[in-house]
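> Quick one: sequence and predicted model below, then my questions.
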Amino acid sequence: MKHVILPIIGAVCALSMQGTTPLPPIQQADGGSIDRQYIYSPQLGEKWTVDVWLPDGYVAAKDTRYPVIYMHDGQNLFDPATTWNHQAWEMDSVTTSLIKKDLIESPIIIGIHSHADRRKGDLMPQKAVEGTTMTYAQIDSLMGGIPIRGDAYARFIAETLKPHIDSIYRTLPDAPNTTVMGSSMGGLMSIYAMSEYPDVFGNAICMSTHWIGNPDQSEAFAKAMYRYLDKNLPRDGKHKLYLDHGTETLDSLYGPWEEMMIGLVKTCGYASPETLETYIDHGGAHTETSWAARVDRPLLFVLGKKQGK
């Protein structure tokens with residue numbers, strides 16, 4: 001049975017949004033429950049829809065605190081009945097299944113909805129693009145006139161959203177228990193956010209990461225990301241990084257660039273199985289269905305229970 005909770009704080013904010021922008025449909029959870037929040041971002045100057053997934057037993061376990069996963073494209077995480085393509089990550093059902101099998105620690109999952117018309121600019125690693133050798137013409141071709149707001153978006157999560165979540169939910173707020181996660185452009189933003197805020201995010205899960213930017217700018221953009229990560233990726237031996245890609249549709253373009261990035265992160269001290277996991281999903285496409293089919297892998301990597309625990 002799907003479950004959803006609309007808390008008082010979310011309801012109050014929802015009323016303030018009525019008459020401006022149509023509210024996203026409420027996602028229903030198959031396992032656990034969902035709180036709907038509307039959070040104002042001073043960094044971006046607008047409200048953001050945020051869905052907070054709580055595992056079964058959260059309300060009753062009053063002395064228990066939980067690791068937290070912050071996920072981009074939150075509108076696509078839980079309920080295929082509410083998404084544009086009728087696909088979802090199935091984070092609710094996959095996570096609940098792993099919890100019931102006693103394979104992972106129970107997390108709280110924060111789904112940050114994206115704005116379709118501004119998504120590329122919000123998830124773009126800003127310093128990687130603006131502080132490199134990419135020309136203005138290359139950047140203009142990459143963005144198509146969409147403003148780059150990646151720094152403001154990452155700061156919103158780290159400095160506004162996370163403190164808010166920590167204040168009203170029973171979280172484990174330290175970096176090792178805080179993960180940032182996404183696919184495609186969300187994969188780029190996840191590794192970028194961990195690099196920009198290493199004291200906030202201890203883990204980054206990057207699935208089908210869009211290393212190419214645009215197909216006609218793939219080499220320039222990938223090299224810009226490489227230079228940024230070479231300078232900024234955390235190297236303390238404590239951060240964890242998960243990278244994967246499929247082999248079909250858009251994912252078929254990622255292989256060489258992901259291989260290049262894996263080589264880089266290994267020189268930065270990331271090593272399997274403790275701090276690095278990589279995977280190639282042969283036959284996997286650039287879709288929520290493919291991500292749902294393998295999302296257990298990064299969850300086990302970041303949240304997996306140690307033997308004998």
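Right, received. Where do you want to start?
> Spell out the secondary structure type for Tyr279.
When classified by DSSP: H, G, I helix; E, B strand; the rest coil, Tyr279 comes out as strand.
> Okay, and the beta partners of it?
Asp244 (DSSP bridges).
> Could you say which helix or strand holds the residue lying closest to Thr287 once chain neighbours are set aside?
Spatially, and ignoring its direct neighbours in sequence, Thr287 is nearest to Gln87 (6.0 Å; Cβ to Cβ, 6 or more residues apart in numbering). Backbone N, C-alpha and C define where each C-beta goes, glycine included. Using DSSP states H and E, Gln87 sits within no helix or strand.
> Surely Gln87 and Gln75 touch.
No: using Cβ atoms under 8 Å as the test, Gln87 is too far from Gln75 to be in contact (11.6 Å).
> Which of those two has more residues huddled nearby?
Set side by side, Gln87 and Gln75 show more neighbours around Gln75, with 20 against 15, by other Cβ atoms under 10 Å.
> Leaving out chain neighbours, which residue sits closest to that one?
Distance criterion Cβ to Cβ, 6+ apart; nearest residue to Gln75, sequence neighbours excluded, is His113 at 4.6 Å.
> any idea how far the one you found lies from Tyr242?
23 Å (Cβ to Cβ, to the nearest Å).
> And these two? Which one has more around it.
Counted by other Cβ under 10 Å, His113 and Tyr242 do not tie: Tyr242 has more neighbours, with 25 against 20.
> Quick one: low-confidence residue ranges for the stretch 101-250 of the chain.
Applying pLDDT under 70 to the stretch 101-250 of the chain flags residues 132-133.
> Can you give me the neighbour number for Ile69?
Ile69 has 24 nearby residues by other Cβ under 10 Å.
> wait, is it part of a strand?
Yes: judged by three-state DSSP, Ile69 forms part of a strand.
> Which pLDDT value goes with it?
As predicted, Ile69 sits at a pLDDT of 98.
> who are the neighbours in contact with it?
Each residue near Ile69 by Cβ atoms under 8 Å, 6 or more residues apart in numbering is listed here: Pro107, Ile108, Ile109, Ile110, Thr179, Val180, Met181, Ile205, Val302.
> any idea how far it is from Ile108?
Ile69 is 7 Å from Ile108, by Cβ to Cβ.
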